[in-house]
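Colleague: Only the shape, not the letters, is given here:
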């Protein structure tokens, strides 16, 4: 095979979980081939750049082989080069401050301590 439909190919290499999801993504404009939006029936050939917006984020792949049937993940991975950049590191967030049930509203002092724990020092330095 020298070419395949873009919706069938993106489904076969496991970018989308179902063929209908791949078709819907193409119709919505979430799949681009060589920089241009792709309709579901557009053909892809070896060497084409495919950019797809998936549930896991944007994926950028280069076509290295043509398949139209869904195969095992290692065989599917042999048909594309993944150029997707790694995701940015996750931002560390402080743990949520939990108060005992029935403790009422936090006092001004409690609120300031909570704000310091969260890293948002809302009190000017001269008042401390």
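Modeller: Great, that's in hand. Predicted model, so just to flag it, every value in this text is computed and none were measured.
Colleague: contacting residues for the residue nearest the centre of the chain?
Modeller: Using C-alpha atoms, centre = their mean, the residue of the chain that lies closest to the mean C-alpha position is residue 57, 1.6 Å off. With contacts defined as C-beta atoms under 8 Å, 6 or more residues apart in numbering, residue 57 is in contact with 84, 87. For glycine as for every other residue, the C-beta is placed from the backbone atoms N, C-alpha and C.
Colleague: Report the beta-bridge partners for it.
Modeller: For residue 57, the beta-bridge partners under DSSP bridges are residue 54.
Colleague: For residue 83, see how far away it is.
Modeller: 13 Å (C-beta to C-beta, to the nearest Å).
Colleague: just residue 75 next, same as before
Modeller: 20 Å.
Colleague: Between these two, tell me which one has more neighbours.
Modeller: Higher neighbour count among residue 75 and residue 83: residue 75, with 14 against 11, using other C-beta atoms under 10 Å.
Colleague: so what's the more buried one up against?
Modeller: By C-beta under 8 Å, 6+ apart, the contact set of residue 75 is residue 67.
Colleague: Mind telling me what element it is part of?
Modeller: According to DSSP states H and E, residue 75 maps onto helix 73-77.
Colleague: The worst-scoring helix or strand of the chain on mean pLDDT: which residues count as buried?
Modeller: None of the helices or strands of the chain scores lower by mean pLDDT, DSSP states H and E than helix 108-117, at a mean of 86. Buried positions in helix 108-117, judged by neighbour count with 16 or more other C-beta atoms under 10 Å: 112, 114.
Colleague: same question, stretch 6-22
Modeller: For stretch 6-22, by 16+ other C-beta under 10 Å, it's 6-13, 15-16, 19, 21-22.
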